[in-house]
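Peer 1: Give me a model of this one.
(2 chains)
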Amino acid sequence: MPRPPSPSIPEKEFLFNSLKESLRLDGRQSLEMRDPVFTFGPDLGWVECALGKTRVLAQLDGKMVKPTPERPLEGIITINSEISPMASSDYEPGRPSDEEVTMTRMLDKVLRRSDAIDKESLCILAGQRVWHLRLTIHCLADAGNLLDCACLAGIVAFRHYRRPEVEVVGEEVIIHHPSERAPVPLSMHHTPFCFTFAYFPDPNTPPILDPSHLEQRLSAGLISIALNAQKELCVIQKAGGVPLSQEQVLGAIDIAVGKAVELDRIVTQRLEEDWKGRKVEIR
Amino acid sequence: MSSRVEILNDGGYRSDGRRQYELRDITIDLSPRGTADGSAMITHGLTEVMVDVFGPREAKLRGQTLHDRALLTVEVGIVPFSTGERRKRNRGDKRILELAATIKQTFEPIVQTNLYPRSEISIFVSVLQQDGGLLPASINATTLALLTAGIPMTDYVTAITCGVHSTAPLLDLTTLEENDLPHLTVASLPRTFKVTLVAMETRLHVERVSECMKIAGEAGKVLHQEMKRAVEARTKRLVQAMDMAPRIGGVGGGVDRDVDMDEDNQT
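Peer 2: Next up, the predicted model:
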């Protein structure tokens, strides 16, 4: 298996020297995120999210299933994600790589285990019928920070999706087609966002938010923080890399708090815009 | 989520009779096992983890060798009877893979891998019993196993979980507490007080985090003392054994002993 070539020495030195002066190769500030661009598809729950050239497509669909016997009152959410070689030539098909395991687990933690979606509201008939939501994440292109992009696409897909209205008469379940009754949005507790910071070997280099591909390759450590606009941390993940002092970790969390509020505003605004231009209801 | 068990009662005791900041009993066993170059077994209360370290040795897969440093490989096995609910997890399980990847990433910057280019250090983690704090126990055991294997590291790595019950931080959670409380796993380096690993999976308010990390850092120092004592005791035993060695193999007592043994055989 050929490993992807590592960046050349001049490239590396140039990046390190410019970062030391708080300059980034794409002209961003050190704590500036690339602006997310959302493209909503024809279906509800079909979202393409782009951070610069990193692009991820998230697709959500729901169907009715019988719940598991352990949790008869809760709906089921599954997340499928796979980094295919389409995203970047660094990835290979076959046995999941470390990046893929990290991403799958992070998506699971950020979107599912953080209780973002009220699973009990997905129950239709206790022990008989619940909604099964399936989120598929397709990584289209990796130009750095694929994880944040995937999390963002996933959570926006959940907010964008609307499930058909159902009615229970006795033991009978009636699903109303969107043309009969307006589909209902999912009941959500909160909206977590993920932010990744990169640290560099030289302690004088400031940490950067939303690293690009090259920055990610040359970084000495990453910390991913997922939190919502209500200042509740959902996931912190810092495994390996340069050891950080407690102040550095807390500093990163503080920055993420501000960014989450900002991002929440953008997401809400974009969803509203899309909803206005959409004709789902007949009446 | 409301639990039927009282996590922290009015008297300030937890469900297993500990105080807020009290750690569970720690036992460390560093006796060698089989052909492993280093091995350690650690128990935090009922959580029991065994780690074997092989290497530095030639990499099993030649293609994976790194020309400038050693390759660390971590494999985690969780025995099916380790939890209350008997469940077989196969090796491809994402949670196990993540645990292994986390341990690997935690130790990569600490182990001085650049001293052993083109070789491999394999770490095998076997989880024998689980009662909360699986990741910290695995990390602590791995630190000890690497030390007993004589692999140079820049520092100890000590890990602990810290949970928050409404506003009160609790240390070293059991499974029962882990299921109900938001918790944070912190792996720290006792010498520089820096953190190599922070992992959290449940919702927690930002303001609670700093307190949690501080307490976890303090707990890390306590763990460090405990681990250091075990390692020093082992080294002392080894040194004593080395002092004995010349007498056994030497001219004086050693010969006598051989003769004694022969006599035993004859009678």
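Peer 1: Could the C-alpha coordinates of whichever strand or helix holds residue B:50 be exported in PDB?
Peer 2: The secondary structure element spanning residue B:50 is strand B:47-58 (assigned by DSSP states H and E). Output of strand B:47-58 as PDB, limited to C-alpha atoms (Å, rounded to 0.1, in the frame of the first residue of the first chain):
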ATOM      1  CA  THR B  47     -12.400  -2.800  36.400                       C
ATOM      2  CA  GLU B  48      -9.500  -5.100  35.500                       C
ATOM      3  CA  VAL B  49      -7.200  -4.600  32.500                       C
ATOM      4  CA  MET B  50      -4.200  -6.600  31.500                       C
ATOM      5  CA  VAL B  51      -1.700  -5.200  29.000                       C
ATOM      6  CA  ASP B  52       1.200  -7.000  27.300                       C
ATOM      7  CA  VAL B  53       3.900  -5.200  25.400                       C
ATOM      8  CA  PHE B  54       6.100  -6.900  22.800                       C
ATOM      9  CA  GLY B  55       9.000  -5.100  21.200                       C
ATOM     10  CA  PRO B  56      10.700  -3.200  20.000                       C
ATOM     11  CA  ARG B  57      10.900  -5.900  17.400                       C
ATOM     12  CA  GLU B  58      10.800  -6.200  13.600                       C
END
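Peer 1: elements contacting that strand?
Peer 2: strand B:38-44, strand B:119-129, helix B:134-148 (3 or more CB pairs under 8 Å, 6 or more residues apart in numbering or on different chains; DSSP states H and E). Placement of C-beta: from N, CA and C, glycine included.
Peer 1: of the ones you listed, which approaches chain A most closely?
Peer 2: Chain A lies closest to helix B:134-148 among the helices and strands packed on strand B:47-58, at 10.0 Å (CB to the nearest CB).
Peer 1: Run the chain-centre distance for the closest one.
Peer 2: How far helix B:134-148 lies from its chain's middle: 2 Å, per CA atoms, centre = their mean, to the nearest Å.
Peer 1: hmm, back to that, please identify the buried residues of the strand holding residue B:50?
Peer 2: By 16 or more other CB atoms under 10 Å in any protein chain shown, the buried positions in strand B:47-58 come out as B:47, B:48, B:49, B:50, B:51, B:52, B:53, B:54, B:55, B:56.
Peer 1: for stretch B:175-183, same thing?
Peer 2: In stretch B:175-183, counting by 16+ other CB under 10 Å, buried: B:175, B:176, B:177, B:178, B:180, B:181, B:182, B:183.
Peer 1: Phi, psi for residue A:22 please.
Peer 2: phi 60, psi 30 (degrees, to the nearest 10).
Peer 1: Helix, strand, or coil at the closest residue to it other than its chain neighbours?
Peer 2: Once flanking residues are discounted, residue A:22 sits nearest to residue A:30: 5.2 Å by CB to CB, 6 or more residues apart in numbering or on different chains. Here residue A:30 is recorded as coil under DSSP: H, G, I helix; E, B strand; the rest coil.
Peer 1: list the contacts for residue A:30?
Peer 2: Going by CB atoms under 8 Å, 6 or more residues apart in numbering or on different chains, residue A:30 touches A:19, A:22, A:24, A:206, A:207, A:208, A:209.
Peer 1: Could you single out the nearest of those to residue B:138?
Peer 2: residue A:207 (27.9 Å; CB to CB).
Peer 1: Secondary structure element for residue A:58, which one?
Peer 2: Using DSSP H and E, residue A:58 falls within strand A:54-65.
Peer 1: after that strand, next one along is what?
Peer 2: Toward the C-terminus from strand A:54-65 - assigned by DSSP H and E - lies strand A:76-82.
Peer 1: Tell me if that following strand is near chain B.
Peer 2: No - between strand A:76-82 and chain B, judged by CB under 8 Å from any CB of the partner chain, nothing touches; the nearest distance is 10.7 Å.
Peer 1: Would you confirm that residue A:40 contacts residue A:272?
Peer 2: No - between residue A:40 and residue A:272 there is no contact under CB atoms under 8 Å: 11.7 Å.
Peer 1: Of those two, which one has the most company?
Peer 2: residue A:40 (20 against 10; other CB atoms under 10 Å in any protein chain shown).
Peer 1: and the more buried one, what does it touch?
Peer 2: Shown in contact with residue A:40 (CB under 8 Å, 6+ apart): A:46, A:47, A:48, A:160, A:274.
Peer 1: Show me which of these is closest to chain B.
Peer 2: Minimum distance to chain B across the contacts of residue A:40 is 22.7 Å, recorded for residue A:160 (CB to the nearest CB).
Peer 1: Just confirm the closest one contacts residue A:271, I think it does.
Peer 2: Yes - taking contacts as CB under 8 Å, residue A:160 lies within contact range of residue A:271: 6.2 Å.
Peer 1: For the closest residue to chain B within the stretch 101-250 of chain A, list the residues it contacts.
Peer 2: Per CB to the nearest CB, residue A:240 is where the stretch 101-250 of chain A lies closest to chain B, at 2.8 Å. Residues in contact with residue A:240, defined by CB under 8 Å, 6+ apart, are A:221, B:102, B:104, B:105, B:106, B:107, B:108, B:109, B:196, B:197.
Peer 1: how many other residues sit next to the residue lying closest to residue A:52 once chain neighbours are set aside?
Peer 2: Distances taken as CB to CB, 6+ apart place residue A:34 nearest to residue A:52, at 4.2 Å, with adjacent residues excluded. Neighbour count for residue A:34, taken as other CB under 10 Å: 20.
Peer 1: cool, and residue A:147?
Peer 2: For residue A:147, the neighbour count with other CB under 10 Å is 25.
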